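Q: next input, structure requested:
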Amino acid sequence: MEKYLSYSHEVLEAKEKGLPIVALESTIISHGMPYPQNVQTAREVEQIIRDNGAVPATIAIIDGKIKIGLTDEELEMFGNADNVAKTSRRDLGYLVATKKLGATTVAATMIAAELAGIELFVTGGIGGVHRGAEETMDISADLEELSQTNVAVVCAGAKSILDIGLTLEYLETKGVPVVGFETDMLPAFYTRESEFSVSFRVDSAKEVADMMRAKWDLGLQGGAVIANPIPVEDALEVSFINGIIEKALVEAEEKGIKGKDVTPFLLGKVKELTEGKSLEANIALVKNNAKVGAAIAVALNENK
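A: Okay, here's the model as predicted:
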């Protein structure tokens with residue numbers, strides 16, 4: 001792995017000292033938010049993790065290496081660089097071999113985290129089954145990764161642009177626990193609630209750590225979705241955001257936008273139609289996930 005993995009000084013020191021580490025994706029920087037909010041949020045999220053007893057490891061592909069932990073200059077570069085590839089499982093080998101810039105999605109970040117021995121990953125929201133997937137077969141690789149890669153994923157549920165019901169059905173088929181952190185209901189990214197229940201509710205980081213350790217000790221492959229609702233004060237109203245998503249979906253269909261281009265288009269359109277409120281909510285929920293994720297990473301580290 002030395003040929004392919006490169007650790008930042010901070011992460012390498014954490015590994016040597018046996019400190020808890022939290023993986024972070026880089027697609028949220030390059031494709032998920034505009035500049036300068038993307039870089040500012042990335043820095044603030046990393047600091048929240050440090051402040052809560054763990055070490056951040058933002059992951060990306062640079063010059064033929066899977067970088068586990070980015071420097072401040074590298075964070076800035078991903079916030080501004082052109083032609084950064086959105087990297088999932090299928091893309092990793094090609095981008096490493098060709099030494100192109102790649103920003104990791106949930107799936108690719110999980111793979112890289114497991115290769116680096118990191119058990120906990122914080123993101124905004126997972127991908128899932130897209131609306132109309134019964135015809136298009138448009139299903140995020142994130143779901144398959146959750147079924148086979150041993151990394152727990154803290155998120156604010158599934159993005160509300162998806163078919164959440166089918167996403168949960170897919171995860172159930174694959175044996176992936178969907179765990180509500182202090183909630184019985186699956187949050188839907190911008191909102192604290194949806195019409196769907198979680199598999200289990202947990203009320204502490206220790207409960208999550210104990211569950212994941214038991215799962216992995218039993219040889220049950222795969223991760224888990226740790227669904228952490230957006231803070232009350234930052235949540236958007238359900239009917240408001242759902243109406244806007246419906247408008248954005250219609251426009252995407254009219255313009256023939258498909259595949260991996262759908263999510264960036266929809267998120268951009270939602271931001272435009274909410275006059276920036278969705279971006280503010282996105283930033284707030286990622287920071288909240290970082291706080292909870294750091295606590296779980298600490299608990300997992302104590303329960304090795």
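Q: now the terminal residues of stretch 17-36, how far apart.
A: End-to-end distance for stretch 17-36, by CA to CA, to the nearest Å: 34 Å.
Q: so how far is that stretch off the chain centroid?
A: From the chain centre to the centre of stretch 17-36 is a distance of 9 Å (CA atoms, centre = their mean, to the nearest Å).
Q: hmm, residue 302 is touching residue 205, no?
A: No - with contact defined as CB atoms under 8 Å, residue 302 does not count as touching residue 205 (9.9 Å). C-beta here means a position set from N, CA and C on the backbone, and glycine is covered the same way.
Q: how about the strands in this structure?
A: 5-7, 21-24, 55-62, 65-68, 85-87, 102-104, 120-122, 152-155, 178-181, 200-202, 224-227 (DSSP state E).
Q: so which of the ones you listed comes closest to residue 189?
A: Nearest to residue 189 among the strands of the chain is strand 152-155; the distance by CB to CB comes to 8.3 Å.
Q: just checking, what packs against that closest one?
A: The helices and strands touching strand 152-155, judged by 3 or more CB pairs under 8 Å, 6 or more residues apart in numbering; DSSP states H and E, are strand 120-122, strand 224-227, helix 277-302.
Q: which of residue 302 and residue 205 has more residues huddled nearby?
A: Each of residue 302 and residue 205 has its neighbours counted (other CB atoms under 10 Å); residue 205 has more, 23 against 11.
Q: the more buried one and residue 239: what is the separation?
A: 33 Å (CB to CB, to the nearest Å).
Q: which residues in the stretch 51-200 of the chain form helices?
A: Counting by DSSP state H, counting those that start in this stretch, the stretch 51-200 of the chain has helices at residues 72-80, 92-98, 106-115, 133-136, 141-148, 164-173.
Q: using CSV, list the CA coordinates for the first one.
A: Going back to what we said before, that points to helix 72-80. The C-alpha coordinates for helix 72-80 follow below in CSV (Å, rounded to 0.1, in the frame of the first residue of the first chain):
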residue,chain,number,x,y,z
ASP,A,72,-4.1,23.6,4.0
GLU,A,73,-2.7,24.4,0.5
GLU,A,74,-4.2,21.2,-0.9
LEU,A,75,-7.6,22.0,0.6
GLU,A,76,-7.4,25.4,-1.1
MET,A,77,-6.4,23.8,-4.4
PHE,A,78,-9.5,21.5,-4.4
GLY,A,79,-11.7,24.5,-3.7
ASN,A,80,-10.5,26.2,-6.9
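Q: now what about it, what contacts it?
A: The contact list for helix 72-80 (CB atoms under 8 Å, 6 or more residues apart in numbering) reads 26, 29-30, 35-36, 38-39, 42-43, 58, 60, 62, 67, 70, 84, 101, 103.
Q: what about burial for the residues you listed, which qualify?
A: Among the contacts of helix 72-80, those classed as buried by neighbour count (16 or more other CB atoms under 10 Å) are 26, 29-30, 38-39, 42-43, 58, 60, 62, 67, 70, 84, 101, 103.
Q: what's the farthest-apart pair in these?
A: Within the buried ones among the contacts of helix 72-80, two members stand farthest from each other by CB to CB: 43 and 101, at 19.3 Å.
Q: for this protein, which residue is closest to the average position?
A: residue 123 (2.9 Å; CA atoms, centre = their mean).
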